[in-house]
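Asks: next comes the sequence, and after it the predicted model I'd like to discuss.
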Amino acid sequence: MPLTLDEGDLARLRGANEPISLAEVEQVYLPLTRLINLHVGASRGLSRVTDDFLGRPASRRPYIVAIAGSVAVGKSTMARVLRALLSRWPDHPSVDLVTTDGFLYPTRTLEERGLMSRKGFPESYDVRRMIDFLADVRSTGRGETPVYSHHAYDIVPGQVQTVDQPDILIFEGLNVLQIGTGHDAYYPYTASDFFDLSIYIDADPDDIERWYEERFLLLQRTAFQDPKSYFHHFAHLTREQALVAARDIWASVNAINLCENILPSRSRADVVIRKGARHAVKELWLRRL
C-alpha cells in the first residue's frame with residue numbers, strides 16, 4: 001500500500017507540539033494499518049462463518065481500534081493519522097474517530113461531586129454511558145456520544161456525535177484500557193470487552209512531562225488568549241509563571257493519574273508504541289499470543 005499522505009495532509013493532522021514526519025508515517029503507521037487491514041478481513045471472515053452457522057443474514061459490524069496513553073503523549077495525532085491512512089484502504093473507506101472526552105461528566109456534575117481537580121481520573125467519567133455506547137456500536141453499528149469542547153473545558157449542551165455504520169471505529173482516550181472502579185466496578189463489562197485491537201502509546205514519564213510543559217506554553221500563547229477559553233486566566237502570565245503553573249498541574253493531577261491509572265493499563269494492550277525523547281517512535285511491541 002503506497003503512502004497517500006503528503007506534507008500538507010500531515011500538517012493538518014499534527015497536534016500542538018507533536019512533531020511527526022512522513023518517514024515515520026511510512027515506516028511505522030502505514031505498516032500498522034496493514035496489520036489492522038488484515039485483522040479486519042479476518043474478523044469479517046469469522047463473522048460470516050458465525051452467521052452461516054446460526055443461519056442468520058450476514059451482517060458487518062464495525063471493527064473497533066482503541067488508543068490509550070497519557071496526556072500529551074500524542075494519542076490524538078496518532079488517531080487522526082491512522083484514521084486518514086485507514087480510510088484510504090479500499091476495503092474499509094469509512095473510518096470514524098471518537099474520543100472518551102465526550103464521556104466526562106459535565107463541569108457542573110464534577111463541581112457538585114468535588115471532582116474538578118480529579119478530571120481525567122476514572123471517577124470523572126460516565127463509564128456506564130461509555131460502555132452502552134460501545135455495546136450499541138458493536139451490536140447495531142450505530143451510537144451517539146456527547147460532544148466535548150476543550151476550549152470551554154466542558155460538555156457542549158445539546159450536541160452529540162453520531163456513529164453510523166463505519167467500517168472501523170477508532171476509540172481514543174486516557175481510560176480506554178482501564179477497569180472500572182468504585183460503583184462502576186460492579187458493571188458487568190469494561191471497555192476492553194468491545195475492542196478488536198488496542199494500542200498503548202508509551203514514553204518515559206520525564207519526557208511526557210516535558211512535552212506537557214511545552215504544549216502548555218504553546219497554548220498559553222495561542223488558544224488561552226481567547227477571552228472565552230476556560231484557561232484564559234493563564235494568558236497573561238509570564239513564561240516563568242506559566243511554566244510553574246504547568247509543572248504544578250502535572251505534578252498534582254497528570255503524573256498521579258499516569259502512575260495510578262493509565263500506565264498500569266499498558267499490559268492489556270495488543271500493541272505498545274514506545275516513543276523516544278524527541279517524540280519519534282523507537283520501538284513497537286506486538287503482543288505474542
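Replies: Good, I have the coordinates.
Asks: low-confidence ranges, the stretch 151-289 of the chain, go.
Replies: Across the stretch 151-289 of the chain, the ranges flagged by pLDDT under 70 are 180-187, 289.
Asks: how about the strands in it?
Replies: 154-164, 168-172, 197-202, 271-275, 281-286 (DSSP state E, counting those that start in this stretch).
Asks: buried deepest among the ones you listed, which one?
Replies: Greatest average neighbour count among these goes to strand 168-172 (a mean of 25), per mean count of other Cβ atoms under 10 Å. In this view, the C-beta of every residue, glycine as well, is placed from N, C-alpha and C.
Asks: now the strands: where do they sit in the stretch 1-150 of the chain?
Replies: For the stretch 1-150 of the chain, the strands defined by DSSP E, counting those that start in this stretch cover 63-69, 95-99, 142-149.
Asks: mind giving me a markdown table with the ones you listed and columns for mean pLDDT, mean neighbour count and distance to Leu30?
Replies: Shown next, in a markdown table, are the strands of the stretch 1-150 of the chain (pLDDT from 0 to 100; neighbours: other Cβ atoms under 10 Å; distance: least, Cβ to Cβ, whole Å):
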| stretch | mean pLDDT | mean neighbour count | distance to Leu30 |
| --- | --- | --- | --- |
| strand 63-69 | 97 | 27 | 15 |
| strand 95-99 | 97 | 21 | 15 |
| strand 142-149 | 97 | 18 | 28 |
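Asks: quickly list what the residue nearest to the spatial centre of the chain is bridged to.
Replies: The chain has Glu172 as the residue nearest its centroid, 1.9 Å off, counting by Cα atoms, centre = their mean. Under the criterion DSSP bridges, Glu172 forms beta bridges with Ile67, Thr99.
Asks: list the contacts for it?
Replies: Listed by Cβ atoms under 8 Å, 6 or more residues apart in numbering, the contact set of Glu172 reads Ala66, Ile67, Ala68, Lys75, Ser76, Ala79, Leu97, Val98, Thr99, Thr100.
Asks: take those residues and write them to CSV, including distance to Ala152.
Replies: Listed next are the contacts of Glu172 as CSV, based on distance: Cβ to Cβ, whole Å:
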residue, distance to Ala152
Ala66, 26
Ile67, 24
Ala68, 25
Lys75, 21
Ser76, 17
Ala79, 21
Leu97, 20
Val98, 19
Thr99, 15
Thr100, 17
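Asks: what is the nearest of the residues you listed to Pro106?
Replies: Distances from Pro106 to these, taken as Cβ to Cβ, are shortest for Thr100 (14.6 Å).
Asks: ok, which of the strands of the stretch 1-150 of the chain comes nearest Tyr212?
Replies: Comparing these by their distance to Tyr212 (Cβ to Cβ), the top pick is strand 63-69, with 12.4 Å.
Asks: and the closest one, how far from the chain's centre?
Replies: Centroid separation between strand 63-69 and its chain, computed with Cα atoms, centre = their mean, to the nearest Å, is 7 Å.
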